[in-house]
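**Q** sequence first, then the predicted structure, then my questions.
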Amino acid sequence: MVLSLGVVRLLEGLRPALVPGRRYWVHALWVFQKLLNQAFNWWIFGTLREGIDWNVVSFLWVLLIPALLFLQATALVTSDPSAVASWRNHFFEIRRWFFSVDVVLLTHSVVTSSLYRDVPLLHPFRLLQGAGLTISVLGATSASSRLHAVLAPLAIVLQSVGLGSLFFRPEGLVV
């Protein structure tokens, strides 16, 4: 349900974020990236139903993911997106919060994949997580518009290629 709320927030803000004269393409890419992130996590939750010894602690731990994604959605898209005069200014005002939450989200992913998926610390998937953490730390610490112009498309590519190859493989194409 919380994932749904995040998707709704992002979709409600998509049209206002794309209005000519107010739009900032880097912000718009992050909105799309977080929509993609929501979709991948929805898929992941379906795979977590089995194979986990569920208890209150594991349930609450896993619920942190949609909560963190919702916090990012509310940072990217305000409750009144039509009132935002400049999405560029908005993005740079919220970037520290947005990327700091992403650091927590990615750290959560590292712990969860170790605890519930038995992914070893020296696994190729860790490169993807490390790249995501690097993007988030750079995004939180830098106000360079040039750097952010590289980070946003890079994040979409890494997420699409990395997580996409893990979760959306056609059965006959696995090498």
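**A** Sure, I can see it. Treat the numbers as computed from the prediction; the structure is a model and nothing was measured.
**Q** only C-alpha atoms for contact and neighbour calcs from this point on.
**A** OK.
**Q** in what helix or strand does the closest residue to P81 other than its chain neighbours lie?
**A** Nearest non-adjacent residue to P81, counting by Cα to Cα, 6 or more residues apart in numbering: G13, 5.7 Å away. Under the criterion of DSSP states H and E, G13 resides in helix 2-17.
**Q** same check on F70?
**A** With DSSP H and E as the criterion, the answer for F70 is helix 56-76.
**Q** quick check: what element follows that helix along the chain?
**A** helix 87-117.
**Q** what's the following helix or strand after the helix holding G13?
**A** Taking DSSP H and E, what comes next after helix 2-17 is helix 25-48.
**Q** before we move on, the earlier item: okay, now the residue nearest to P81: neighbour count?
**A** Other residues near G13 number 22, with proximity taken as other Cα atoms under 10 Å.
**Q** with the one 10 residues further on instead?
**A** Around R23 there are 18 other residues, counting by other Cα under 10 Å.
**Q** next: L122.
**A** 8.
**Q** same check on T107?
**A** Neighbour count of T107, defined by other Cα under 10 Å: 16.
**Q** over to the one 5 residues further on?
**A** Summarising burial for T112: neighbours were counted as other Cα under 10 Å, giving 16.
**Q** and the gap between it and L128?
**A** 15 Å (Cα to Cα, to the nearest Å).
**Q** run through the protein and note the low-pLDDT ranges.
**A** Where the chain drops to pLDDT under 70, the residues are 51, 163-175.
**Q** contacts only, for A143.
**A** If you count contacts by Cα atoms under 8 Å, 6 or more residues apart in numbering, A143 has them with F92.
**Q** give me the three-state assignment for it.
**A** coil (DSSP: H, G, I helix; E, B strand; the rest coil).
**Q** next up, phi/psi of it, please.
**A** The phi/psi pair for A143 (degrees, to the nearest 10) reads phi -100, psi 20.
**Q** close enough to count as contact, the residue nearest to P81 and V84?
**A** No - checked against Cα atoms under 8 Å, the pair G13 and V84 is beyond contact range at 10.2 Å.
**Q** re the thing from before, figure out how far the helix holding F70 is from the centre of its chain.
**A** Mean-position distance between helix 56-76 and its chain equals 11 Å (Cα atoms, centre = their mean, to the nearest Å).
**Q** which strands and helices sit next to it?
**A** Secondary-structure packing of helix 56-76 (3 or more Cα pairs under 8 Å, 6 or more residues apart in numbering; DSSP states H and E): helix 2-17, helix 25-48, helix 87-117.
**Q** quick one: contacts of that helix?
**A** Helix 56-76 has contacts (Cα under 8 Å, 6+ apart) with 2-3, 5-7, 9-10, 27, 30-31, 34, 38, 91, 94, 97-98, 101-102, 105, 108, 112.
**Q** no more questions from me, cheers.
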